[in-house]
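1. Build me a structure from this.
(2 chains)
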Amino acid sequence: DTEVTQTPKHLVMGMTNKKSLKCEQHMGHRAMYWYKQKAKKPPELMFVYSYEKLSINESVPSRFSPECPNSSLLNLHLHALQPEDSALYLCASSQAPGRGPSNYGYTFGSGTRLTVV
Amino acid sequence: DAKTTQPNSMESNEEEPVHLPCNHSTISGTDYIHWYRQLPSQGPEYVIHGLTSNVNNRMASLAIAEDRKSSTLILHRATLRDAAVYYCILNPPGANNLFFGTGTRLTVIP
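-> Numbers count the residues shown, from 1 in each chain, chains lettered A, B, ... in the order given. So this is what the prediction gives:
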């Protein structure tokens, strides 16, 4: 299995709703990532998990709450979002960085297209 | 993070080679050069990466300048499926974050 699977593919939610995005990989990757991508813009890094621990939070508002329950799963919990949070949310995974000079490619999912109304 | 500079857009005729340039004049000696592409309505897709030597794989070739201040992604025969935004990214060893620049939008003309 060489894929990152994201569900749902599309999500419409109201500003008072609570929803979750899910991401799954079975490649044995120990680093997982959330990115946000607005239309015609490059992806922007939100969170990084390394060995199931949050290692990077790029100053993301607390209405986005990541969770890594195990080495294969990554969730993004959403609460009280604003219309400007509407975007494509991408999950990615990679080998966790080691201590040597090696470097790895990242595998991305197809994303969840989120619309906040 | 060291920055990369790419043309906003390029066009290529189908079945002809495409050379996508990237300038990275502030690259450090240990930064890897990564290329990703994003097809419409999909997530980014890894294409190739390298450090100093030129690299080939089934998708593309990566030519790295001797001073490492620039690189070129080469698609040997462009197909309509290669129409995408191509991102050149510098990645330090041991880093577990990947920062995207604005990329080059490649249009392939039938």
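2. Low-confidence bits of the chain, can you list those?
-> No chain was given, so I picked chain A. A:97-103 (pLDDT under 70).
3. wait, chain B
-> Applying pLDDT under 70 to chain B flags residues B:1-2.
4. who in it is up against chain A?
-> Contact residues, chain B versus chain A (Cβ under 8 Å from any Cβ of the partner chain): B:30, B:32, B:34, B:36, B:41-46, B:49, B:51, B:85, B:87, B:91, B:93-103. In short, each C-beta sits where N, CA and C put it, glycine included.
5. Inside strands: which ones of those?
-> Among the residues of chain B next to chain A, the members found in strands (DSSP state E) are B:Tyr32, B:His34, B:Tyr36, B:Glu45, B:Tyr46, B:His49, B:Val85, B:Tyr87, B:Asn91.
6. can you redo those as JSON lines with neighbour count?
-> Output for these, formatted as JSON lines (neighbours: other Cβ atoms under 10 Å in any protein chain shown):
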{"residue": "B:Tyr32", "neighbour count": "20"}
{"residue": "B:His34", "neighbour count": "24"}
{"residue": "B:Tyr36", "neighbour count": "26"}
{"residue": "B:Glu45", "neighbour count": "16"}
{"residue": "B:Tyr46", "neighbour count": "18"}
{"residue": "B:His49", "neighbour count": "19"}
{"residue": "B:Val85", "neighbour count": "21"}
{"residue": "B:Tyr87", "neighbour count": "25"}
{"residue": "B:Asn91", "neighbour count": "23"}
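7. just the residues you listed now: which is nearest A:Val116?
-> Each of those was checked against A:Val116 using Cβ to Cβ; the closest is B:Val85, at 24.7 Å.
8. what pairs with the closest one across the strands?
-> Beta bridges link B:Val85 to B:Gln38, B:Arg105, judged by DSSP bridges.
9. so it sits right up against B:Gly101, yeah?
-> No. Counting by Cβ atoms under 8 Å, B:Gly101 is not a contact partner of B:Val85; they are 10.4 Å apart.
10. Between those two, which contacts overlap?
-> Common contact partners of B:Val85 and B:Gly101 (Cβ atoms under 8 Å, 6 or more residues apart in numbering or on different chains): A:Pro42.
11. Rebuild the ones in strands among the residues of chain B next to chain A as CSV, extending it with distance to A:Thr112.
-> Putting these into CSV (distance: Cβ to Cβ, whole Å) gives the following:
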residue, distance to A:Thr112
B:Tyr32, 29
B:His34, 24
B:Tyr36, 19
B:Glu45, 17
B:Tyr46, 20
B:His49, 27
B:Val85, 19
B:Tyr87, 20
B:Asn91, 25
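12. Greatest separation within these: which pair is it?
-> Farthest pair in these (Cβ to Cβ) is B:Tyr32 and B:Val85. Separation: 20.2 Å.
13. Now B:Tyr87. Nearest residue, chain neighbours left out?
-> Once flanking residues are discounted, B:Tyr87 sits nearest to B:Gly103: 4.3 Å by Cβ to Cβ, 6 or more residues apart in numbering or on different chains.
14. The nearest residue to B:Ser61 once chain neighbours are set aside: what's it in contact with?
-> Setting aside the residues directly before and after it, B:Ser61 is nearest to B:Ile74 in space (Cβ to Cβ, 6+ apart), at 4.3 Å. When contacts are counted by Cβ under 8 Å, 6+ apart, B:Ile74 touches B:Pro17, B:Val18, B:His19, B:Leu20, B:Ala60, B:Ser61, B:Leu62, B:Ala63.
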